[in-house]
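Engineer: sequence first, then the predicted structure, then my questions.
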Number of protein chains: 2
Amino acid sequence: MPLVVVGSVAFDSVETPQASRDRVLGGSAVYFSLAARFFTHVRLVGVVGGDWPAEYTQLLQSQGVDTAALQVVPGAKTFFWRGRYLSNMNDRETLDVQLNVMASFNPVLPEELRRCKFLFLANGSTKMQLDVLSQCVGPMLTVADTMDHWIRNEPKELRELMRRVDGLVLNDSEAKLLAEDENVLRAGRGLLEMGPRFIVIKKGEHGAMFFSKHEMYVLPAYPTERVVDPTGAGDSFAGGMMGYLSEQFDYSPETLKHAMAYGIVAASFTVEDFSVDRLLKITREDVDLRMEEYRRMLTF
Amino acid sequence: MPLVVVGSVAFDSVETPQASRDRVLGGSAVYFSLAARFFTHVRLVGVVGGDWPAEYTQLLQSQGVDTAALQVVPGAKTFFWRGRYLSNMNDRETLDVQLNVMASFNPVLPEELRRCKFLFLANGSTKMQLDVLSQCVGPMLTVADTMDHWIRNEPKELRELMRRVDGLVLNDSEAKLLAEDENVLRAGRGLLEMGPRFIVIKKGEHGAMFFSKHEMYVLPAYPTERVVDPTGAGDSFAGGMMGYLSEQFDYSPETLKHAMAYGIVAASFTVEDFSVDRLLKITREDVDLRMEEYRRMLTF
């Protein structure tokens, strides 16, 4: 079942204590798509400027990602982010953000995409996310990501979004901020009260937590020694999770738990190289092999 | 099979953002013993001053902890620690430490305890830990805990200890310090090279990691909403782990993994109240019930 993702497509410049990369392929919708395409047909909705290389679009297409709804605005510049990771490889500082063409990103979904059954609203303006949601007709599962900027600056819209989506995915620090509670468990439960059927709290190297009315659990990250660049791990997590749900055409509690595990496995690959390099080198078989290792790790 | 623990017996004064307790029962050997006694007969080796209430000794005895080797030094004062937890309930500051009678703690083990098969050297002077180890004859499994103070101040002794024990248990920040590596996975592997057959890295609210030559895994903490006082969680973890190993009279990889899980479950109870209050209110059945919930949480 096709999966639609709306989010950023970007150039990233990344510094880590070991190495750096300049203006490489990035953006939430890109990481999401390249993690989700192991499971399902992904349709990417985004916008780039005239500086966007056609090779990047071809690269996405070669991986089975549908880029028909990737809008190119000639004369404008693509979203750009520059960041630096501290020596623990977990904390990072943003050195530069140039929204460029993303500043006025108000996607109009083609007719076919409006009738999609699985929709992921990657991190972006809450107003835009609400607008996309309004365009969709009878989706089966809608999940949104958000971040501190929108929690602080579009609180009213975010509350409305939470009443309208099925699931919300966000970082632990963002969950605490949004729920106004320093205890991540209480924060998760508090966010449930605001509307979504389920909340997923991403904890970076410490895995992810799931909250619904009926259950709560935490799954650890898949431990990988080779952490080269954590950029995009959260978006890859969401891609693995939504990709699997879309493939299964189901979001029962059991399927959601498997989807969480696939998200964790997808993220563990992403961090093993810069940009989307590692995701491009693996197959569904690699994902399933690691999934089995992950499951074995948690069995006793 | 009896389990011997050598460690601190203390008065703790604890402040949390919600409440505080003054001079309550604490110490590494106390938390350890009260977590391990669900599984096995525990023999506590420690020292207290003349200010130690006989009721505390009776309390330990009433829980099946053998206190015959708990030395009372009249005229001296019991080890005292005062600390304050920050609002995240994970970070803490030590406000006061009075070693008192612990400063000259050099236990001489009774003959019977020297022939114990399972020995846990709770956090304490590395020299003292080495001395206790030398007194023991043919233990089957010896595991030690340590902390930053000894890593910094008794590095040579700690290296010797690591060549002589089977297992080392320590916090993630301590593992990074000792291995001189900010990556916790590489740190764990590095510590293995220093001698022990296995390394357990405690990550507080994020669970624990296990390293041996043949495997490496991470298990998340059991998520409990009711975090009242984290003091003693690490020692309770060690108690649950060693208690189960001692009960099974085995430390195969499978048994060690179960033991890790029992340690995590034991720690999850400890944090749910001040001091050892929660541990005193539960039974082996409660431990096993939560163990089943924990196992279910990790099954998909």
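Structural biologist: Everything's here; your move. Residues are numbered from 1 along each chain as shown, chains lettered A, B, ... in the order given.
Engineer: would you mark the buried spots in the one helix or strand residue A:186 maps to?
Structural biologist: In this structure, residue A:186 sits in helix A:184-193 according to DSSP states H and E. For helix A:184-193, the buried set under the neighbour-count rule, 16 or more other Cβ atoms under 10 Å in any protein chain shown, comprises A:184, A:185, A:186, A:187, A:188, A:189, A:190, A:191, A:192. The way it works is simple: take the backbone N, C-alpha and C, and place the C-beta from them, glycine included.
Engineer: stretch A:71-91 now?
Structural biologist: Quick answer for stretch A:71-91 (16+ other Cβ under 10 Å): A:72, A:73, A:76, A:77, A:78, A:79, A:80, A:81, A:82, A:83, A:85, A:89.
Engineer: what's the end-to-end length of that stretch?
Structural biologist: 33 Å (Cα to Cα, to the nearest Å).
Engineer: now render the buried residues of stretch A:71-91 as CSV, adding distance to chain B.
Structural biologist: Below are these laid out as CSV (distance: Cβ to the nearest Cβ, whole Å):
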residue, distance to chain B
A:72, 40
A:73, 41
A:76, 40
A:77, 36
A:78, 33
A:79, 31
A:80, 29
A:81, 24
A:82, 23
A:83, 18
A:85, 11
A:89, 7
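Engineer: just curious, which of those residues is nearest to residue B:255?
Structural biologist: residue A:89 (33.4 Å; Cβ to Cβ).
Engineer: backbone phi and psi for the residue nearest to residue A:190 when sequence neighbours are not counted, please?
Structural biologist: Take residue A:190 and drop its neighbours on the chain: the residue closest to it by Cβ to Cβ, 6 or more residues apart in numbering or on different chains is residue A:179, 3.8 Å away. Here is the backbone geometry of residue A:179 (degrees, to the nearest 10): phi -90, psi -10.
Engineer: next, count neighbours for residue A:179.
Structural biologist: 22 (other Cβ atoms under 10 Å in any protein chain shown).
Engineer: am I right that it is in contact with residue A:191?
Structural biologist: Yes - proximity of residue A:179 to residue A:191 meets the contact threshold set by Cβ atoms under 8 Å, at 5.3 Å.
Engineer: tell me the contacts of residue A:212?
Structural biologist: A:192, A:197, A:198, A:199, A:253, A:256 (Cβ atoms under 8 Å, 6 or more residues apart in numbering or on different chains).
Engineer: narrow these to those in strands?
Structural biologist: A:198, A:199 (DSSP state E).
Engineer: and residue A:121, how close does it get to chain B?
Structural biologist: 26 Å (Cβ to the nearest Cβ, to the nearest Å).
Engineer: kindly report the same for residue A:50.
Structural biologist: Taking Cβ to the nearest Cβ, one finds residue A:50 at 41 Å from chain B.
Engineer: next one: residue A:39
Structural biologist: For residue A:39, the distance to chain B - Cβ to the nearest Cβ - is 16 Å.
Engineer: go on, residue A:190?
Structural biologist: 11 Å.
Engineer: what do you get for residue A:206?
Structural biologist: 4 Å.
Engineer: wait, doesn't that residue sit right on residue A:220?
Structural biologist: Yes - contact criterion Cβ under 8 Å: residue A:206 and residue A:220 qualify, at 6.9 Å.
Engineer: where do the contact lists of the two overlap?
Structural biologist: Common neighbours of residue A:206 and residue A:220 (Cβ under 8 Å, 6+ apart) are B:206, B:207, B:220.
Engineer: just the residues you listed: which has the poorest pLDDT?
Structural biologist: Across the set of these, residue B:206 stands lowest in pLDDT, at 94.
Engineer: leaving out sequence neighbours, find the closest residue to that residue.
Structural biologist: residue A:206 (4.3 Å).
Engineer: same thing with residue A:224?
Structural biologist: Residue A:224's closest residue in space is residue A:268 (Cβ to Cβ, 6+ apart), at 5.0 Å.
Engineer: give me the element that neighbour is part of.
Structural biologist: helix A:253-270.
Engineer: dump that helix to PDB, restricted to CA.
Structural biologist: This file holds the C-alpha atoms of helix A:253-270, laid out as PDB (Å, rounded to 0.1, in the frame of the first residue of the first chain):
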ATOM      1  CA  PRO A 253      -0.800  -3.500  18.600                       C
ATOM      2  CA  GLU A 254       1.300  -6.400  17.400                       C
ATOM      3  CA  THR A 255       2.000  -4.900  14.100                       C
ATOM      4  CA  LEU A 256       2.800  -1.500  15.700                       C
ATOM      5  CA  LYS A 257       5.400  -3.200  18.000                       C
ATOM      6  CA  HIS A 258       7.000  -4.900  15.000                       C
ATOM      7  CA  ALA A 259       7.000  -1.600  13.200                       C
ATOM      8  CA  MET A 260       8.700   0.100  16.200                       C
ATOM      9  CA  ALA A 261      11.400  -2.600  16.000                       C
ATOM     10  CA  TYR A 262      11.800  -2.100  12.200                       C
ATOM     11  CA  GLY A 263      12.100   1.700  12.800                       C
ATOM     12  CA  ILE A 264      14.900   1.000  15.400                       C
ATOM     13  CA  VAL A 265      16.700  -1.300  13.000                       C
ATOM     14  CA  ALA A 266      16.400   1.200  10.100                       C
ATOM     15  CA  ALA A 267      17.900   4.000  12.300                       C
ATOM     16  CA  SER A 268      20.800   1.800  13.400                       C
ATOM     17  CA  PHE A 269      21.900   1.500   9.700                       C
ATOM     18  CA  THR A 270      21.500   5.300   9.000                       C
END
